[in-house]
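Enquirer: Next one to model:
(2 chains)
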Amino acid sequence: MEKEDIKKIAEIAKIKLSEDECEKLLDEMNEILNYFSKIEEMKISDEELYYVNEIYNPLREDEKGEKGKVGEKEKSELLINEFTERKGKYLSAPKVKI
Amino acid sequence: MDVIENLERKIKNIEEKDKEVNAFIEVYFEEARKRATEISKKIERGEAGKLAGLIVAVKNNIAVKGKKLTCASKILENHRATYNATVVERILREDGIIIGSTNMDEFACGNTTSTSAFFKTRNPYDLERIPGGSSGGSAVAVALDMCDCALGSDTGGSIRCPAAFCGVYGFKPTYGLVSRYGLVDMAMSLDQIGTFGKDLKTAKILFDVIKGPDEKDPTTVEQFEMKKKMKKKMKGKVGIFKEISLEKDVEISFKDALRKIEKNFEVIEVSFPYIDYFVPIYYLTMAAEFSSAMQRYDGLRYGVKANRNLEIFESYFDARGNFGEEVKRRIILGTYITSKEYKEKWYTITLKARATVKKELKKLFEEIDFIVTPTMPCLPWKFDEKLKPIQSYVADVLTVFANLAGLPAISVPYEKFIGIQIVGDSFCDEEVFEAASMIK
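Expert: Residues are numbered from 1 along each chain as shown, chains lettered A, B, ... in the order given. Take a look at the predicted model:
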């Protein structure tokens, strides 16, 4: 990796890094990727593993959902209470500048 | 022992010893005492559940309603769980008593429990050494009789490693046997909740209570259905890897354990040419999934508060600045290997490599019942031995392959700081417990 790569990746991941942190991470990433690159030597199958157990998408019946059930309001209130800033029952978020 | 008496003894142990080891993040003594009284009466009436007052500690990445769910991170420092994890519901339903939340590596990133944003947990047998991780708090709590058993999570060895370093039993189930609903995701295709116990019986009874399909976690499966499909035939054989390098003390212990195993099994030395690739495949898989799992922390819906005076995307940077060093490292690694330019080179190859390793392990299990290894290739290192990231990653070589293939695995406490690991075929969790009983 180059320093530019680290900066670009940090931008995508929305992680703020100081110049020092960038330097340090660059060294570490290169050491790690260097060690991991041995994976290219491995004789591999063509199949990609996405899922450990051989089951298919377990879908439930198309039934009416949870709305109106007992305890709904309480559940919502608990979740809304965890918002870092709320306005009534809404989440208050920073402005989007276009 | 009487339930109330047992609880009071655990509380006393926490009050006396936890200031030295820092196993707990939060304790729930008041509720525990109330529950102990209720359950005592239930026991008298003959109505108590399967756990009947057993004291359980819970790793702080598993949701306990109304209690802090921090994952040992500044990002979630003041976040409270709004529901119980399925495993917690099942423990409460069977009259287990939850005594508190235990310390961990931040977002489970590590094998030392020292990346916790709050404090480091110390090894009870040598306070200058790591207890292992990432479920270090749970292992220490069990080791020091601060609880009867504990829950942890294991993505690459995070239950088995601290179990080995702290001298307790640590069990990771077959992938899909225990619901992850209420477990904060690290790497969804690798994570499993598992149990710690001072003895085998306690670790097993907790597993029996928490296991089973859950409609809230679609990755859970029904054990016996899956097992029937396998048509597994036990052969009385145990495989050991030829090509592993161990620290001297670990090697001596392992050879000693093998002599005991030979009394019940034929021990076969196996050449497995993929061992060198275990650590790379694991870390690349985990980092990719972890970086995705961490995207949800935006300082808005929960956790640390984003600065509202910034524009929204800037506020994400601000909030996410609260991630610790190791977490940032893994996010950067995962984001890089799944980025458009590098995805083919790194991530796709990793998926194929994992498929290969899983296939080869399954082939091996057609000839043997268990793979036995030391849990860790080395002794728990001292805090002041500043290891580079890659040095601590390679210590996971013997634990990660069970997660890659979704296999059940247990660490049996053998000698101080040393555990022996038994890995079974998929869905053979009961057999793994049985084999573990034959080692000591």
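Enquirer: Check whether the worst-scoring helix or strand of chain A on mean pLDDT comes into contact with chain B.
Expert: Using mean pLDDT, DSSP states H and E, the weakest-scoring helix or strand in chain A turns out to be helix A:72-81, at a mean of 90. Yes. Using C-beta under 8 Å from any C-beta of the partner chain, helix A:72-81 comes into contact with chain B via A:75, A:78, A:79, A:81. To be clear about C-beta, it is placed using only N, CA and C from the backbone, and glycine gets the same treatment.
Enquirer: show me the contacts for the first one.
Expert: Think residue A:75. B:82, B:83 (C-beta atoms under 8 Å, 6 or more residues apart in numbering or on different chains).
Enquirer: same thing with residue B:104?
Expert: Taking C-beta under 8 Å, 6+ apart, one finds B:59-61, B:71-72, B:113, B:116, B:133-138, B:158 in contact with residue B:104.
Enquirer: Tabulate those residues (JSON lines), appending neighbour count.
Expert: Formatted as JSON lines, the contacts of residue B:104 follow (neighbours: other C-beta atoms under 10 Å in any protein chain shown):
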{"residue": "B:59", "neighbour count": "31"}
{"residue": "B:60", "neighbour count": "30"}
{"residue": "B:61", "neighbour count": "32"}
{"residue": "B:71", "neighbour count": "28"}
{"residue": "B:72", "neighbour count": "33"}
{"residue": "B:113", "neighbour count": "34"}
{"residue": "B:116", "neighbour count": "28"}
{"residue": "B:133", "neighbour count": "31"}
{"residue": "B:134", "neighbour count": "34"}
{"residue": "B:135", "neighbour count": "38"}
{"residue": "B:136", "neighbour count": "37"}
{"residue": "B:137", "neighbour count": "35"}
{"residue": "B:138", "neighbour count": "41"}
{"residue": "B:158", "neighbour count": "36"}
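Enquirer: Can you convert those residues into a markdown table and add a column each for distance to chain A?
Expert: Shown next, in a markdown table, are the contacts of residue B:104 (distance: C-beta to the nearest C-beta, whole Å):
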| residue | distance to chain A |
| --- | --- |
| B:59 | 20 |
| B:60 | 16 |
| B:61 | 16 |
| B:71 | 14 |
| B:72 | 18 |
| B:113 | 21 |
| B:116 | 20 |
| B:133 | 19 |
| B:134 | 18 |
| B:135 | 21 |
| B:136 | 23 |
| B:137 | 23 |
| B:138 | 24 |
| B:158 | 17 |
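Enquirer: I'd like these as CSV, with secondary structure appended.
Expert: Converted to CSV, the contacts of residue B:104 look like this (DSSP: H, G, I helix; E, B strand; the rest coil):
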residue, secondary structure
B:59, strand
B:60, coil
B:61, coil
B:71, coil
B:72, coil
B:113, coil
B:116, coil
B:133, coil
B:134, coil
B:135, coil
B:136, helix
B:137, helix
B:138, helix
B:158, coil
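Enquirer: Was I right to think residue A:93 contacts residue B:313?
Expert: No. Using C-beta atoms under 8 Å, residue A:93 makes no contact with residue B:313, being 11.4 Å away.
Enquirer: out of these two, which sits in the more crowded spot?
Expert: Counted by other C-beta atoms under 10 Å in any protein chain shown, residue A:93 and residue B:313 do not tie: residue A:93 has more neighbours, with 18 against 14.
Enquirer: any idea whether that one is helix, strand or coil?
Expert: Secondary structure for residue A:93, judged by three-state DSSP, is coil.
Enquirer: so what's the nearest residue to it once chain neighbours are set aside up against?
Expert: Excluding the flanking residues, the one nearest residue A:93 by C-beta to C-beta, 6 or more residues apart in numbering or on different chains is residue B:300, at 5.5 Å. Going by C-beta under 8 Å, 6+ apart, residue B:300 touches A:83, A:84, A:85, A:91, A:93, B:306, B:319.
Enquirer: name the helices or strands packed onto the host helix or strand of residue B:142?
Expert: Secondary structure assignment for residue B:142, by DSSP states H and E: helix B:136-143. On a contact count with 3 or more C-beta pairs under 8 Å, 6 or more residues apart in numbering or on different chains; DSSP states H and E, helix B:136-143 meets strand B:24-27, strand B:55-59, strand B:97-102, strand B:149-154, helix B:160-166, strand B:192-197.
Enquirer: any idea which of the ones you listed is most buried?
Expert: The highest average neighbour count among the helices and strands packed on helix B:136-143, using mean count of other C-beta atoms under 10 Å in any protein chain shown, belongs to helix B:160-166 at a mean of 35.
Enquirer: Report pLDDT for the most centrally placed residue in chain A.
Expert: Nearest to the mean C-alpha position of chain A, by C-alpha atoms, centre = their mean, lies residue A:13 at 8.9 Å. With respect to pLDDT, residue A:13 scores 97.
Enquirer: excluding its backbone neighbours, what's nearest it?
Expert: Leaving aside its sequence neighbours, residue A:13 sits nearest to residue B:335 (C-beta to C-beta, 6+ apart; 4.4 Å).
Enquirer: By mean pLDDT, point me to the weakest helix or strand of chain B.
Expert: Min over SSEs of chain B, mean pLDDT, DSSP H and E: helix B:223-230 (a mean of 92).
Enquirer: Quick check: next helix or strand after that helix?
Expert: Scanning forward in sequence from helix B:223-230 by DSSP H and E, the next helix or strand is strand B:237-241.
Enquirer: report the angle between the axes of the following helix or strand past that following strand and strand B:237-241?
Expert: Next along the chain after strand B:237-241, taking DSSP H and E as the criterion, comes helix B:248-261. Here the directions of helix B:248-261 and strand B:237-241 differ by 170 degrees (axes from the mean of the first three to the mean of the last three C-alpha atoms, to 10 degrees).
Enquirer: Who does the helix or strand following helix B:248-261 pair with, and is each partner parallel or antiparallel?
Expert: Next along the chain after helix B:248-261, taking DSSP H and E as the criterion, comes strand B:266-270. Strand B:266-270 pairs in its sheet with strand B:237-241 (parallel), by DSSP bridges.
Enquirer: Please save the CA atoms from the strand it pairs with in PDB.
Expert: C-alpha atoms of strand B:237-241 as PDB (Å, rounded to 0.1, in the frame of the first residue of the first chain):
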ATOM      1  CA  LYS B 237      -9.400 -42.100  16.000                       C
ATOM      2  CA  VAL B 238      -7.900 -38.700  16.900                       C
ATOM      3  CA  GLY B 239      -5.800 -36.600  14.500                       C
ATOM      4  CA  ILE B 240      -2.900 -34.400  15.500                       C
ATOM      5  CA  PHE B 241      -1.200 -32.000  13.000                       C
END
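Enquirer: What are the contacting residues of that strand?
Expert: B:258, B:261, B:265-270, B:272, B:275, B:364, B:367-373, B:435.
Enquirer: if we go to 6 Å?
Expert: B:261, B:265-270, B:272, B:368-372 (C-beta atoms under 6 Å, 6 or more residues apart in numbering or on different chains).
Enquirer: Got a PyMOL select line for the buried ones in the residues you listed?
Expert: To isolate the buried members of these in PyMOL, using 16 or more other C-beta atoms under 10 Å in any protein chain shown:
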select buried, chain B and resi 261+265+267+272+368+369+370+371+372
